[in-house]
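> predicted structure and sequence below. I'll ask about it afterward.
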Amino acid sequence: MKRKMYTILSLVCFLMVATPLNVFTSNSASVITETETVQPRRNITGYKYKILNGHQWKRLWSYTYNRWEDPAWTLA
């Protein structure tokens, strides 16, 4: 009786350990190849500066979307 219980217990343990291995070895996982590019997830911004009549002005520029983020120039 003990041998039968030991066999069943070891079989259950083996199945619990072996089952998740199929998930990692499947070919359905997407892999980024060298030809694909990764797109940034956040907006990359920076200030653009200009000097007009001796005053420095700044305006926020979005490098991701190539557009102005601030509505107007402000004094820096």
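Happy to help now that I have it.

> where along this structure do the helices fall?
2-25 (DSSP state H).

> have a look at it and report the helix or strand with the lowest mean pLDDT.
Counting by mean pLDDT, DSSP states H and E, the weakest-scoring helix or strand in the chain turns out to be helix 2-25, with a mean of 75.

> wait, residue 61 sits on residue 46?
Yes. The pair residue 61 and residue 46 qualifies as a contact (CB atoms under 8 Å) at a distance of 5.9 Å. For glycine as for every other residue, the C-beta is placed from the backbone atoms N, C-alpha and C.

> who's more crowded, the two?
More crowded of residue 61 and residue 46, by other CB atoms under 10 Å: residue 61, with 17 against 9.

> and the gap between the more buried one and residue 44?
According to CB to CB, to the nearest Å, residue 61 stands 10 Å off from residue 44.

> quick check, pLDDT for the closest residue to residue 74 other than its chain neighbours.
In space, residue 74 comes closest to residue 58 once its chain neighbours are excluded; the distance is 6.1 Å by CB to CB, 6 or more residues apart in numbering. Looking at residue 58, its pLDDT reads 97.

> residue 64 too?
pLDDT, residue 64: 89.

> how many neighbouring residues does it have?
Look at residue 64: counted by other CB under 10 Å, it has 14 neighbours.

> pretty sure it contacts residue 39?
No. Residue 64 is beyond contact range of residue 39, at 9.2 Å (criterion: CB under 8 Å).

> what distance do you get for the closest residue to residue 42 other than its chain neighbours to residue 76?
Excluding its sequence neighbours, the residue lying closest to residue 42 (CB to CB, 6+ apart) is residue 64, at 8.0 Å. Distance of residue 64 to residue 76, computed by CB to CB: 22 Å.
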